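# any chance you could fold what I've pasted below:
(one chain, ligands or ions: 1)
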Amino acid sequence: MSDADTLARLIRTRAGDAPVTLGLILGSGLGHIAQQVEGVAIPYADLPGFPHVGVSGHNPNLHVGTLEGVRVAVFGAREHYYESGNPRAMLLPLQVLKALGADSLILTNAAGSMRPDIPPGNVMLLSDHINYSGLNPLIGEKTDARFVPMTDAHDPALRAALKAAAKAEGIELPEGVYCWYSGPSFETPAEIRMLKLLGGDAVGMSTVPEVILARFLGLRVAAISTITNMAAGMSDEKISHEHTKAMAPLGAAKLERILREFLRSRK
Ligand code: HPA
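Predicted structure coming up:
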């Protein structure tokens, strides 16, 4: 039995046998959404091999239960590449998600905007991404399954459903291209000018490795950024992790309404 199957079994003994249909990974300052899942919260520390998440503003628990009547597994925190230099850190959690029965994954993150028309407090749906880090979590995989196509990696049907949910809630949900920058230092203004030239709309330190891993596992994926700041050099505000945490709740309220409506529409 694989490690993921063993962990899925352990999780079922605590959360019940009903299969999970959807996974959700929460980004900086968004962890509270997990508290609303009706079910159990299992600390990552109880799940051998799960990441040791050391970023403040994150909630290192796996919440399994129902949200808007849909059986979900919500990851209250992720391990970022910049924590230990491991782009595969979220592989086991995603394998467990799959073993619990999920076929889809919604990722969320906090990001800096490179688009003046998408200021802080807004949410942005990822139409696509640029893996600017040059890292790949599938390096070292041995089978041909590693050659994962990334066309439509951000699933058109899931994106349409999220857009419809936003519309039903009266929330604007522009689409844009997310650039993964490894962090943990923020970008320089010159780097942001470059990323804009390359076609980026938002920049952040997560999500892309998980999209690649999830596609590798055959999960359908969509991702939403909450915009916490204008990217470096685009406004006078100081960029900091404190600021990210302070600003995340603005977009989080919108994100939560979109996710709830999206789940209601899936019932
Ligand atoms: N850059 C990278 N990551 C981020 C930012 C940013 O401006 N804001 C929130 N996460």
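
# going forward, measure contacts and count neighbours with C-alpha atoms only.
Noted.

# give me every residue that touches Q95.
A4, L217 (CA atoms under 8 Å, 6 or more residues apart in numbering).

# which SSE is it in?
Using DSSP states H and E, Q95 falls within helix 91-99.

# mean confidence for the following helix or strand past that helix?
Using DSSP H and E, the helix or strand that follows helix 91-99 towards the C-terminus is strand 104-113. The pLDDT scores in strand 104-113 average 96.

# for stretch 39-49, same thing?
Mean predicted lDDT for stretch 39-49 stands at 95.

# for whichever helix in the chain runs longest, packing partners?
Longest helix in the chain, counting residues (DSSP state H): helix 241-266. For helix 241-266, the contact count by 3 or more CA pairs under 8 Å, 6 or more residues apart in numbering; DSSP states H and E identifies strand 70-75, strand 123-130, helix 156-168, strand 220-230 as packing neighbours.

# same question for stretch 253-267, mean pLDDT?
Here the average pLDDT along stretch 253-267 is 92.

# the ligand contacts on the stretch 1-150 of the chain?
A110, A111, G112 (CA under 6 Å from any ligand atom).

# next one: A77 from the ligand, what distance?
A77 sits 14 Å away from the ligand, taking CA to the nearest ligand atom, to the nearest Å as the criterion.

# and V211, how many neighbours?
24 (other CA atoms under 10 Å).

# give the contact list for it.
Contacts of V211 (CA under 8 Å, 6+ apart): A153, V221.

# quick check, it in a strand?
No - using DSSP: H, G, I helix; E, B strand; the rest coil, the secondary structure at V211 is helix, not a strand.

# rewinding a little: want to throw the helices and strands packed on helix 241-266 into CSV with mean neighbour count and mean pLDDT?
Output for the helices and strands packed on helix 241-266, formatted as CSV (neighbours: other CA atoms under 10 Å; pLDDT from 0 to 100):
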stretch, mean neighbour count, mean pLDDT
strand 70-75, 26, 97
strand 123-130, 23, 98
helix 156-168, 18, 98
strand 220-230, 27, 96
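
# K245: which of those is closest?
strand 220-230 (8.1 Å; CA to CA).

# ok, what's across the strand from the residue nearest the centre of the chain?
The centroid of the chain falls nearest to L107 when counting by CA atoms, centre = their mean (2.5 Å). Bridge pairing for L107 (DSSP bridges) gives the partners I25, A223.

# interface residues of the stretch 151-267 of the chain facing the ligand?
So the stretch 151-267 of the chain meets the ligand at F186, V203, G204, M205, T228, N229, A231, T244 (CA under 6 Å from any ligand atom).

# which of the residues you listed lies closest to the ligand?
G204 (3.4 Å; CA to the nearest ligand atom).

# for the closest one, what are phi and psi?
When read as degrees, to the nearest 10, the backbone of G204 gives phi -160, psi 180.

# got the contact list for it?
N109, A110, A111, G112, Y178, C179, W180, Y181, S182.

# was I right about V221 contacting L158?
Yes - counting by CA atoms under 8 Å, V221 does reach L158; the two are 7.3 Å apart.

# next, count neighbours for G101.
For G101, the count of nearby residues is 17 (other CA under 10 Å).

# tell me the contacts of it?
P19, V20, T21.

# next one: H52
Contact analysis of H52 by CA under 8 Å, 6+ apart lists Y44, A45, P60, E79.

# part of a helix, is it?
No - according to three-state DSSP, H52 belongs to no helix; its state is coil.

# in the helix or strand where R193 lies, what counts as buried?
For R193, the host element (DSSP H and E) is helix 189-197. Burial within helix 189-197, assessed by neighbour count using 16 or more other CA atoms under 10 Å, is assigned to I192, R193, L195, K196.
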